[in-house]
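Peer 1: With the input below, show me the fold.
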Amino acid sequence: MYVIPLGGLDEVGKNMNLVQYRDEIIIIDCGVGFPGEGLLGIDLVIPDFSYVENNKNKIKGLFVTHGHEDHIGSIPYLYQKIDKEVSIFSGKLTLALIEGKFENLKMRDLPKMREVKNRSKVKVGKYFNVEFIRVTHSIADSYAVLVTTPAGTALFTGDFKIDLTPVDGLGTDLARLGQIGEKGVDLLLADSTNSEVEGYTPSERTVGAAFQLEFAKAKGRIIVAAFASHIHRLQQIVTIAESYGRKIAIDGRSLVKVFEVAQKMGYLKIKKDTMIALSDVENEKDNKVVILCTGTQGEPMASLSRIAQNIHKHTKIKEGDTVIISATPIPGNEKAVSKNINNLLKYDAEVIFKKVAGIHVSGHASKKEQELMLNLIKPKYFMPVHGEYKMLKAHIETAIATGVPKANTLLGLNGSKIEITKSGVKIKGKVSAGATFIDGLGVGDIGQTVLRDRQQLSQDGVIIVVFTLNKETGKIIAGPEIVTRGFTYSKDSDELIQGTVEHINEKLAKLEDTKIKDWQPIKNLTKEAVAKFVYNKTKRNPVILPIVMEV
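Peer 2: As a prediction, this is how the structure comes out:
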C-alpha cells in the first residue's frame, strides 16, 4: 500500500494524507493553511487536489482525527472535487464542526457523516480496516487512526499530547496503543509540532489554576482571548467565572458557533443565567463581567484587535480592565500579537500574555511524550509529519534514540509516495502536490504571477499612462496623461510626471512617422520607456499600465 501526504510536511497546517491500496483510496484529514506575509490578499491555503480528483472513483472514505482548522478546513473544497457519496468518519464534535464548514459556504448537499467513538472499527471498500484510538489534544474528540490493509499497517497519531489529568477525564487510550504496538505496526506517522521542546507538555488543568489566580486579582472587567475550538479551556474559564459570580459575554463568530454546538452536545456545561449579550455588558458592574473573544493571533478584524484599537462597536478598553491572551503566537503572527498588546497597554489595561507562566499550554506532545508514543508502538518504520523541516528532523532524532534504526526512518515531503510492503517501507516516487490559494470566492484562480504583481504593487505602486488614438490615422490626439497610485503623491512630483510625459512624447514621435495604426506597439514602447525613465530617476519599479483608447 502507499501513504501519500498532500500537506503538513515542511509546513505547519493543511494536513492531509492519502492511503492507497490497489484500486482503493482513503483520506486522513483535509485541513487548511494560513497565508504568510508573502501571500498578499490570500484568505486560505488548501492542498492541491489534482491527484485526488484524477483518482476520485477510487476514494472510499474520509477519516478525520479532530476538529481543528488545519485538519478540517479544506473539506468543503475537497467535496467540490469528489463524489458526495464518500462518507466522513469522525467524532461527534468534529462532525458538527465540519457541518458548519459546509454551511459557511452555503453547500446544502452534505456528505454522509458517520460518528465514531474510542476503539470504533470501520471497514470500507474491499481492503481497508480503520480503527480510531482516543488521544488527548486541545480539542475534544481527538483520535489516532490505525489503517490496516493486506499489505501492512500504518498508524497516524493525529495531533496529540499525553495529558494524564485531562479536564474531561478522557485520557489517551495508552492500553489500546500498547496492544497495537505488541501486535506490530509497519509505519508510524506522528505529530512533530513540539519535537524541539524538551520534557513533557503540561496538563490543561494547570491553565485552570493560572486563570483562578488572575480572576482572584482582577478588580475590573476581564477580557479573555482564546481559541474558539479549545473547549476544555473554555469550560475552565466558564466554571471559574461562575465561581466569582461573573456574567459572560462572547464576541467572535467562531466562538458563538462553538458555544452553540458544544453546549447543545453536552461538551460545555453552563449555568442558565451565566451568558449575557455583548450589548448588555455596560449594564453590569465591571467586577461582574467576563468578555470572551477571538483574536489570539492578532487577526486585524478579530474582536480583540478591534477592542485594542478602541474601534469595537460595544466595548471600549479602559483602565482597570484585565486582558488575558490565552495562546502562543503562531510563527509569523508575532508582530500582530505584539501590536495588540502595545495598544492595550496604552489604555492602562493589565495585559496577561505568553510571558506569564500558566495561562496557555500547548496541545502537542513534547519530546518525552513522543518518546513514550514511540516506545508504546515500537514501529518497524517511522516517518514524522505535521511540522516544519527542522521539527521533522528533530523527531527523527528522537525516534532513533528510542531504538528505531536510522535506516528505518523516512523524511518525506508533500507528494512523496511511501510504499509499504511485507519486505519493508520506502519512498518510491512522487505525485502532484502543492498549494491552492483561496481569495474571496475564488479557488485556485490566483497563481504566482498575480502574487508577484501584488508584491510589486505593494512595494512600488502603479503608474497608469492614458492615450487617445485616432483609429483612421494612427495619430495620438490626446495624452499621454499619467495617474499614479502607491508610487508618489502627484502634487509633490509635478517635475517627475512632466519629465515622464516629455520622455514618452519623444519616444512616440518616432512611431508617428511610421503611421502605425495598431496600438500594441505604442503600449509596448510606452511601458519600456516609462519603466527605464522612472527607474533612472527614482530607483523604483512600479507596475506600468498603458491604456490606449481609439476614436
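
Peer 1: Would you mark the buried spots in stretch 124-137?
Peer 2: 124-125, 127-128, 130-137 (16 or more other Cβ atoms under 10 Å). In short, each C-beta sits where N, CA and C put it, glycine included.

Peer 1: repeat for stretch 526-545
Peer 2: By neighbour count with 16+ other Cβ under 10 Å, stretch 526-545 contains the buried residues 526-527, 529-531, 533-534, 542-545.

Peer 1: same question, stretch 421-440
Peer 2: Using 16+ other Cβ under 10 Å as the test for burial, stretch 421-440 gives 425, 431, 433, 435-439.

Peer 1: Next: stretch 21-29.
Peer 2: Buried residues in stretch 21-29 (16+ other Cβ under 10 Å): 21, 24-29.

Peer 1: now these as a markdown table including secondary structure?
Peer 2: Putting the buried residues of stretch 21-29 into a markdown table (DSSP: H, G, I helix; E, B strand; the rest coil) gives the following:
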| residue | secondary structure |
| --- | --- |
| Y21 | strand |
| E24 | strand |
| I25 | strand |
| I26 | strand |
| I27 | strand |
| I28 | strand |
| D29 | coil |
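
Peer 1: From the buried residues of stretch 526-545, pick the one nearest I75.
Peer 2: Distance to I75 across those (Cβ to Cβ) is lowest for V543, with 36.9 Å.

Peer 1: Okay, the closest one and I270: tell me how far apart.
Peer 2: Between V543 and I270 the computed distance is 53 Å (Cβ to Cβ, to the nearest Å).

Peer 1: ok, how many other residues are close to G169?
Peer 2: 6 (other Cβ atoms under 10 Å).

Peer 1: so how far is I72 from it?
Peer 2: Counting by Cβ to Cβ - G169 and I72 are separated by 25 Å.

Peer 1: on that earlier part again, need the buried residues of stretch 21-29 in CSV (columns: distance to I324 and pLDDT).
Peer 2: Formatted as CSV, those follow (distance: Cβ to Cβ, whole Å; pLDDT from 0 to 100):
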residue, distance to I324, pLDDT
Y21, 49, 97
E24, 48, 97
I25, 45, 97
I26, 41, 98
I27, 38, 98
I28, 35, 98
D29, 31, 97
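
Peer 1: export those to a markdown table and tack on distance to V224?
Peer 2: Output for the buried residues of stretch 21-29, formatted as a markdown table (distance: Cβ to Cβ, whole Å):
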| residue | distance to V224 |
| --- | --- |
| Y21 | 47 |
| E24 | 46 |
| I25 | 43 |
| I26 | 39 |
| I27 | 36 |
| I28 | 33 |
| D29 | 29 |
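
Peer 1: ok, so of those residues, who is nearest K183?
Peer 2: Y21 (19.0 Å).

Peer 1: Next, the contact list for the closest one, please.
Peer 2: 1-2, 127-128, 149-151 (Cβ atoms under 8 Å, 6 or more residues apart in numbering).

Peer 1: And the buried ones among those, selectable in ChimeraX?
Peer 2: Applying 16+ other Cβ under 10 Å to the contacts of Y21 leaves a buried subset, and the ChimeraX line that selects it is:
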select :1,2,127,128,149,151
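
Peer 1: So which of the contacts of Y21 sit within strands?
Peer 2: Among these, DSSP state E puts 2, 128, 149 in strands.

Peer 1: can you list those residues in a markdown table and add distance to K367 and pLDDT?
Peer 2: What follows is the ones in strands among the contacts of Y21, written out as a markdown table (distance: Cβ to Cβ, whole Å; pLDDT from 0 to 100):
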| residue | distance to K367 | pLDDT |
| --- | --- | --- |
| Y2 | 30 | 97 |
| F128 | 33 | 97 |
| T149 | 31 | 97 |
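
Peer 1: Which one of those is nearest to I330?
Peer 2: Y2 (31.1 Å).

Peer 1: surely that closest one meets N17?
Peer 2: No - in this structure Y2 lies outside contact range of N17 using Cβ atoms under 8 Å: 10.4 Å.

Peer 1: so is the nearest residue to Q309 once chain neighbours are set aside in a helix, a strand, or just coil?
Peer 2: In this structure, Q309 finds its nearest non-sequential neighbour in N343, 6.0 Å apart by Cβ to Cβ, 6 or more residues apart in numbering. Following three-state DSSP, N343 is assigned to helix.

Peer 1: Any idea what D191 is bridged to?
Peer 2: For D191, the beta-bridge assignment (DSSP bridges) gives partners V385.
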